[in-house]
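K.L.:
only geometry, no sequence info:
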């Protein structure tokens, strides 16, 4: 009688442990999905801003056709991307093209002083921040998932939970938040 | 200075909070022991009653903290259209942290300061004085927003409520017992039977010192949560320089939020109490120079991945 109670208790405890491991893996995976969806939301927001920005700059800087075309092309390409790597690559292109556009704007004092442009600039810098925080949040979640999937005991149950390693979101961008390294 | 990653700073401060909370639990145990030794079984009922009263009073204010604190500080809730740039900053930090959008409030006060409250992230409020919105640039304000959102994410209103409940219960128990001492009530039955003079003296000392010890622990917990919120803010923004220069602005500014209610002193980003009037041990915040140095140590590591 006593042994049966002990056996049942052990089985129940083991089952609870397995359930909590399984649930954590699934939750981590869902977090990664949600974080990726957030990146897409923010990229969409940025994409919606671009026509307005280009129109504003065009009014003042008529000779920068090439820069405009680069932004428009990058934007068009970004809308077709679906996989993490593709979205990240397109994102990097738009980021760079926009930076080029803003650099152009620097050369036109009239443009810089226009209220329309000032409002757009705040909108654009918050959008850039939102995009970059969304990337960071996604990568933090991927890191949490991947380290769980690779460590015991979670690694034993990753297959059962249909959860595996996920891809980091890496943007080809030489300038993004890299502080200059000081060498002595 | 050697670099310290925000992750290391976060886990160190979390660990210290647990240690301090455990010490508070131990203190409760000591008080119960002292009460039983000094007064005997007749006092057994006091402890649960005191804990009950403390729980009810603190839990009520914890649960409705968002509206109570707003009323005590005179903060007024605002909408996105009132300050779109501030809302942009807050939205950025909610994306970085994965937290829901809090309610936002403004305190009409020229002293730069900010606070966060609310029982959980879904009922969070973060408030800013008009002064802080005027003096800080975008990066500094982003650091402040991230610090406040860290309090929300780390559930510091809950931690503060737990600390206040325990300290309150200890104060109440020792208060009742020391009153009983004056009247010599309940003492005879225990002293005559199993009186151990040493145990009696120790118990007496415990009962006298416990409320002060509880207050010290409560302040120490508050200081740890502030340091933790600074580290968590860096985890959100990955930009220690923003919060660091914001703290430098606060340190250089000598104006103080005019309502000096000590009851809500711990929730502001910079303590509204005059630094000199509060002893370091009872302070609710670490010295601001120490916080700046900690952030500098994170900066020296360069950008974190």
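P.N.:
Now that the structure is in, tell me what you want to look at. What you see is a predicted model, and the numbers here were worked out from it, not measured in a lab.

K.L.:
what mean pLDDT does the host helix or strand of residue B:48 get?
P.N.:
Residue B:48 belongs to helix B:46-63 when elements are defined using DSSP states H and E. Mean pLDDT, helix B:46-63: 80.

K.L.:
ok, residue 122 - contacts?
P.N.:
Since no chain was named, I'll use chain A. B:85, B:88 (Cβ atoms under 8 Å, 6 or more residues apart in numbering or on different chains). The C-beta positions use only the backbone N, C-alpha and C, and glycine is treated the same way.

K.L.:
actually, chain B is the one I wanted.
P.N.:
Contacts for residue B:122 (Cβ under 8 Å, 6+ apart) come out as residue B:100.

K.L.:
middle-most residue in the chain, spatially?
P.N.:
Chain wasn't specified; assuming chain A. In chain A, the residue lying closest to the centroid (Cα atoms, centre = their mean) is residue A:135, at 2.6 Å.

K.L.:
wait, I meant chain B there
P.N.:
Closest-to-mean residue, chain B, Cα atoms, centre = their mean: residue B:222 / 3.2 Å.

K.L.:
that residue in helix, strand or coil?
P.N.:
When classified by DSSP: H, G, I helix; E, B strand; the rest coil, residue B:222 comes out as helix.

K.L.:
excluding covalently adjacent residues, which one is nearest to it?
P.N.:
residue B:284 (4.3 Å; Cβ to Cβ, 6 or more residues apart in numbering or on different chains).

K.L.:
where does that neighbour fall, phi/psi-wise?
P.N.:
phi -90, psi -10 (degrees, to the nearest 10).

K.L.:
ditto for residue B:117
P.N.:
phi -150, psi -180.

K.L.:
number of residues surrounding it?
P.N.:
30 (other Cβ atoms under 10 Å in any protein chain shown).

K.L.:
OK, contacts around it?
P.N.:
Residue B:117 neighbours (Cβ under 8 Å, 6+ apart): B:65, B:66, B:69, B:124, B:125, B:127, B:157, B:267.

K.L.:
what helices and strands are in contact with the helix or strand hosting residue B:199?
P.N.:
For residue B:199, the host element (DSSP H and E) is helix B:197-237. Helix B:197-237 sits against helix B:6-39, helix B:84-97, helix B:138-153, helix B:156-183, helix B:240-252, helix B:288-299, with contacts defined as 3 or more Cβ pairs under 8 Å, 6 or more residues apart in numbering or on different chains; DSSP states H and E.

K.L.:
span of stretch B:231-242 from start to end?
P.N.:
12 Å (Cα to Cα, to the nearest Å).

K.L.:
avg pLDDT for that stretch?
P.N.:
92.

K.L.:
buried stuff in that stretch?
P.N.:
B:231, B:232, B:233, B:234, B:235, B:236, B:237, B:238, B:239, B:240, B:241, B:242 (16 or more other Cβ atoms under 10 Å in any protein chain shown).

K.L.:
same deal with stretch B:82-95?
P.N.:
Buried, per 16+ other Cβ under 10 Å, within stretch B:82-95: B:83, B:86, B:87, B:88, B:89, B:90, B:91, B:92, B:93, B:94, B:95.

K.L.:
list the contacts of the third one.
P.N.:
When contacts are counted by Cβ under 8 Å, 6+ apart, residue B:87 is found next to B:80, B:104.

K.L.:
residues touching the closest residue to residue A:143 other than its chain neighbours, list them.
P.N.:
Leaving aside its sequence neighbours, residue A:143 sits nearest to residue A:168 (Cβ to Cβ, 6+ apart; 7.9 Å). When contacts are counted by Cβ under 8 Å, 6+ apart, residue A:168 touches A:139, A:142, A:143.

K.L.:
got CSV for the residues you listed, with neighbour count and distance to residue A:78 too?
P.N.:
Output for the contacts of residue A:168, formatted as CSV (neighbours: other Cβ atoms under 10 Å in any protein chain shown; distance: Cβ to Cβ, whole Å):
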residue, neighbour count, distance to residue A:78
A:139, 19, 19
A:142, 21, 21
A:143, 14, 25
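
K.L.:
let's see which of the residues you listed end up in helices.
P.N.:
A:139, A:142, A:143 (DSSP state H).

K.L.:
ok, the first one to chain B distance?
P.N.:
Using Cβ to the nearest Cβ, to the nearest Å, one gets 8 Å for the distance from residue A:139 to chain B.

K.L.:
for residue 118, what are phi and psi?
P.N.:
In the absence of a named chain, this looks at chain A. Per degrees, to the nearest 10, the backbone of residue A:118 is at phi -60, psi -40.

K.L.:
I was thinking of chain B, sorry if that wasn't clear
P.N.:
Backbone torsions for residue B:118, taken as degrees, to the nearest 10, come to phi 120, psi 150.

K.L.:
for it, which residues are in contact?
P.N.:
Applying Cβ under 8 Å, 6+ apart, the residues near residue B:118 are B:65, B:66, B:102, B:103, B:124, B:125, B:152, B:157.

K.L.:
for the second one, grab the count of nearby residues.
P.N.:
Neighbour count for residue B:66, taken as other Cβ under 10 Å: 21.

K.L.:
so it belongs to a helix, correct?
P.N.:
Yes: counting by three-state DSSP, residue B:66 falls inside a helix.

K.L.:
how much space between the closest residue to residue B:165 other than its chain neighbours and residue A:85?
P.N.:
Spatially, and ignoring its direct neighbours in sequence, residue B:165 is nearest to residue B:58 (4.4 Å; Cβ to Cβ, 6+ apart). Residue B:58 sits 51 Å away from residue A:85, going by Cβ to Cβ, to the nearest Å.

K.L.:
what's the answer for residue B:272, then?
P.N.:
50 Å.

K.L.:
same thing with residue A:64?
P.N.:
Counting by Cβ to Cβ, the gap from residue A:64 to residue A:85 is 31 Å.

K.L.:
please apply the same query to residue B:95.
P.N.:
Taken as Cβ to Cβ, the span from residue B:95 to residue A:85 is 22 Å.

K.L.:
go on, residue A:167?
P.N.:
Distance from residue A:167 to residue A:85, by Cβ to Cβ: 7 Å.

K.L.:
can you redo the contacts of residue B:117 as TSV with distance to residue A:161?
P.N.:
As requested, the contacts of residue B:117 are arranged in TSV below (distance: Cβ to Cβ, whole Å):
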residue	distance to residue A:161
B:65	38
B:66	37
B:69	42
B:124	32
B:125	37
B:127	42
B:157	34
B:267	40
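
K.L.:
out of the residues you listed, which is nearest to residue B:14?
P.N.:
In terms of Cβ to Cβ, no member of the contacts of residue B:117 lies closer to residue B:14 than residue B:157, at 16.4 Å.

K.L.:
could you tell me which residues of the stretch 51-200 of chain B lie near chain A?
P.N.:
B:85, B:88, B:89, B:91, B:92, B:93, B:95, B:96, B:97, B:98, B:138, B:142 (Cβ under 8 Å from any Cβ of the partner chain).

K.L.:
hmm, back to that, show me what contacts the residue nearest to residue B:165?
P.N.:
Contacts of residue B:58 (Cβ under 8 Å, 6+ apart): B:161, B:164, B:165, B:168.

K.L.:
run a quick neighbour tally on the third one.
P.N.:
The tally of other residues near residue B:165 (other Cβ under 10 Å) stands at 20.

K.L.:
brilliant, that's me finished.
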